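Asker: sequence-free structure coming up:
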């Protein structure tokens, strides 16, 4: 993680479009190592931006009833867009979702950021953009793309032809480019049809934006260019959206653009849109093990107040609040040993002696509560204020830090792990509901209706389909037996540079797909321009005769959703072909050779044992012993002939 050293918010945002836009400040720089508030004091850990991906079932405690479903706001409500979240809060530094832009759709992995008010992706014309997860957006390949023409309400390029944007961050990263408008699709899990929307097409990236793996940013903040504001302004969704981040060691989660009916036991906090340009809540006090910290409630109302930001990893408190919180936690954990943090450059507060099982952390660590102005409370489990010590098993560190000398309280993603957060902008409130976010996706209400086909800008019918975010249903029909999975991928690396690293690439693919290295076989590799085309086969493990459907689906999902993380050495990859094959028909000998071989070996072993026993018995029989001539022997009775 990059560490920041200044006190203010990440941000100078200069932006205009059509309607006059007032300047806004992004709470968090959108990168895996950027900080929303950049903190002073060399021992302070900076905030980080996050992505969204679904992962294996959560081992953390779930307060929710797994049979409960979340419904839309009402029978006459607008449709909503349900979108998966990917990646992990601490491992990746951000959460992403998938968005498709253009006709035909071009896919992008975008960091979900409630502190940003613009969505942008790298443009094909960008000469100063880093290598990211997906190829750059190519406006020339989209039949529905239109540039936003220069007008009096926007900043224009030097030729006064097209509107431009510029975004700068305090940690010295920046994004700038032109504004365009095109069809934006939300995936085939969405009830919401693809919509026309304005977005930024990057021409220059610097700093962390240049080096991050994610393609760009999906802005969910307040502002005319926010995705939420654009959809609400067109009347396509109600003025609300929700985020749900997976728990410790799990990651993933769910996002819903549009309204849903809140669970009966959801706790709400008032959010004043006039208080600051960010999503704030009226936090009044913090309780540790049921005891309130000895603080004046006004401490949480300094500067921007208490801000909730999805793009920040950790939580940051004003100095006095942090000192009181640390002392209260340390007092409750006096039986545990306090140890140094994983990074000697930072003065992390860490404790050893906890359980490695996340579900048992509450047996050791105290609960924390945040009380709002209306008396309602948000219960924080240990996973909401701790992160694992990377070097000591069973050790954990506080994920809440001092916000330098800045009086703002910043609550990042760690605070809302396994918590459904509803940003009800229409009613100026934010709701919190403890649940298992990695399982919530499966419990969201599904209407089963296919989204309507959008119309193009010229009024003619378009044949755009909502691109699949899941494996097509025809890929794995029923419970078929899979003997081999073959796929072809394009890597943005020259063949001559790739060849020496193919054995390492095979190991990386096996590790990412969670299979044995012996199961990954290289079929072919060839050059195509500056790229390399590599064909692979995944075979069953040595102990199995076929690959299970679940394993095949997992492999497809990881490849198609670009969850396979390869080192920068190999550049970007794109899945070109995918095929499953049944087990090959086997001859009688192939089907029964194991039995025949076992019988043959048994017979041979039996013969060897019998022969050995016979020889041994023969050797045990006494030989005729030598008798001296003068030896007296008993007289024997003569036997008749």
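Answerer: Structure's in. What do you need? What you are looking at is a predicted structure, and each value in this text was computed from that prediction instead of being measured.
Asker: Could you use CA atoms for every contact and neighbour count after this?
Answerer: Fine.
Asker: Run a quick neighbour tally on residue 249.
Answerer: Using other C-alpha atoms under 10 Å, residue 249 has 19 other residues around it.
Asker: Quick check, pLDDT for it.
Answerer: On the pLDDT scale, residue 249 is placed at 78.
Asker: same deal with residue 479?
Answerer: For residue 479, the predicted pLDDT is 43.
Asker: Adjust the sequence numbering to begin at 40 for everything that follows.
Answerer: Noted, 40 is the first residue going forward, which turns the last one into residue 518.
Asker: what about this protein, any weak spots by pLDDT?
Answerer: 40-116, 208-210, 480-520, 582, 589, 599-601, 623-633, 659-680 (pLDDT under 70).
Asker: residue ranges of the helices in it, please?
Answerer: 247-250, 266-272, 358-371, 476-482, 534-537, 541-552, 588-599, 627-659 (DSSP state H).
Asker: Tell me which of those helices sits nearest to residue 387.
Answerer: helix 358-371 (10.9 Å; C-alpha to C-alpha).
Asker: Now tell me what touches the closest one from outside.
Answerer: With C-alpha atoms under 8 Å, 6 or more residues apart in numbering as the test, helix 358-371 has contacts from 327-328, 332-334, 338, 355, 404-405, 439-444, 446.
Asker: likewise stretch 557-567?
Answerer: So stretch 557-567 is contacted by 533-534, 545, 548-549, 571-580 (C-alpha under 8 Å, 6+ apart).
Asker: mind redoing it with 6 Å?
Answerer: 534, 571-578 (C-alpha atoms under 6 Å, 6 or more residues apart in numbering).
Asker: Format these as JSON lines; extra columns: neighbour count and distance to residue 256.
Answerer: Shown next, in JSON lines, are these (neighbours: other C-alpha atoms under 10 Å; distance: C-alpha to C-alpha, whole Å):
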{"residue": "534", "neighbour count": "19", "distance to residue 256": "32"}
{"residue": "571", "neighbour count": "23", "distance to residue 256": "29"}
{"residue": "572", "neighbour count": "22", "distance to residue 256": "29"}
{"residue": "573", "neighbour count": "21", "distance to residue 256": "30"}
{"residue": "574", "neighbour count": "19", "distance to residue 256": "32"}
{"residue": "575", "neighbour count": "19", "distance to residue 256": "32"}
{"residue": "576", "neighbour count": "18", "distance to residue 256": "34"}
{"residue": "577", "neighbour count": "24", "distance to residue 256": "34"}
{"residue": "578", "neighbour count": "22", "distance to residue 256": "37"}
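Asker: nearest to residue 391, of those?
Answerer: Distances from residue 391 to the contacts of stretch 557-567, taken by C-alpha to C-alpha, are shortest for residue 577, at 41.2 Å.
Asker: from what I can see that closest one touches residue 526, true?
Answerer: No: with contact defined as C-alpha atoms under 6 Å, residue 577 does not reach residue 526; the gap is 8.5 Å.
Asker: Spatially central residue for the chain, please.
Answerer: residue 126 (1.3 Å; C-alpha atoms, centre = their mean).
Asker: quick one on the thing from earlier: okay, the contacts of stretch 557-567 in a markdown table with distance to residue 211 next?
Answerer: Below are these laid out as a markdown table (distance: C-alpha to C-alpha, whole Å):
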| residue | distance to residue 211 |
| --- | --- |
| 534 | 35 |
| 571 | 34 |
| 572 | 37 |
| 573 | 38 |
| 574 | 41 |
| 575 | 41 |
| 576 | 44 |
| 577 | 44 |
| 578 | 47 |
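Asker: Show me these that map onto strands.
Answerer: 571-577 (DSSP state E).
Asker: how close does residue 440 sit to residue 262?
Answerer: 29 Å (C-alpha to C-alpha, to the nearest Å).
Asker: So for the two, which residue has more residues nearby?
Answerer: residue 440 (27 against 19).
Asker: For that one, which non-adjacent residue is spatially closest?
Answerer: Spatial nearest neighbour of residue 440, excluding adjacent residues (C-alpha to C-alpha, 6 or more residues apart in numbering): residue 355 at 4.8 Å.
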